[in-house]
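> fold the following.
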Amino acid sequence: MPEHLTSSLTWLLTLSRFRAFYALGVLLVWVVVTAPAAFAQTDVWLGGAGNWSDPSKWSAGVPTATSNVFIDNGNAATSSVTVDGGFVCNNLTIDANDSLTITSGNSLDIFGTTITN
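Take a look at the predicted model:
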């Protein structure tokens, strides 16, 4: 094979590898950025008074960092939720007739972009 064709072929193979790695890099960044939203789950407080730590009061157990939390979610009953430890959630929505109390020494970290009341 003539030398100029060999050089051109080598250059094309190098370019193809670069494009493949670039595409893989773009895909990896997309997965890392969108993965948390893809796995977010809804977790609804089932009503009444109680502690955040009580899994029986939640539709999907005690919320995690990927949980979109709704205190009552339209339930007519008045609910009072007390944060009794260090907890997290993604987004938080509290119905107008409900309350959330964070007692001294406890915390609720919200990792999402929405807190609604």
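> after the host helix or strand of Val44 comes which helix or strand?
Per DSSP states H and E: Val44 is located in strand 41-45. For strand 41-45, the following helix or strand on the C-terminal side (DSSP H and E) is strand 50-51.
> what is the helix or strand just after that next one packed up against?
Next helix or strand after strand 50-51 toward the C-terminus (DSSP H and E): strand 67-71. Where contact means 3 or more C-beta pairs under 8 Å, 6 or more residues apart in numbering; DSSP states H and E, strand 67-71 is packed against strand 41-45, strand 86-89, strand 91-94. The C-beta positions use only the backbone N, C-alpha and C, and glycine is treated the same way.
> now do the contacts for Asn106.
83-87 (C-beta atoms under 8 Å, 6 or more residues apart in numbering).
> try Leu46
Contact analysis of Leu46 by C-beta under 8 Å, 6+ apart lists 56-59, 75.
> check Gly85 too.
By C-beta under 8 Å, 6+ apart, the contact set of Gly85 is 52-53, 106.
> if we go to 6 Å?
For Gly85, the contact set (C-beta atoms under 6 Å, 6 or more residues apart in numbering) comprises 53, 106.
> which residues does Cys89 bridge with?
Here Cys89 sits in beta bridges with Ile110, going by DSSP bridges.
> and it, how close does it get to Ser104?
Distance, Cys89 to Ser104, using C-beta to C-beta, to the nearest Å: 20 Å.
> neighbour count for those two, which is higher?
More crowded of Cys89 and Ser104, by other C-beta atoms under 10 Å: Cys89, with 22 against 4.
> settle this for me: the more buried one is touching Ile71, isn't it.
No: between Cys89 and Ile71 there is no contact, the gap being 10.6 Å when judged by C-beta atoms under 6 Å.
> and stretch 81-96, what's buried?
Buried residues in stretch 81-96, counted by 16 or more other C-beta atoms under 10 Å: 81-84, 87-95.
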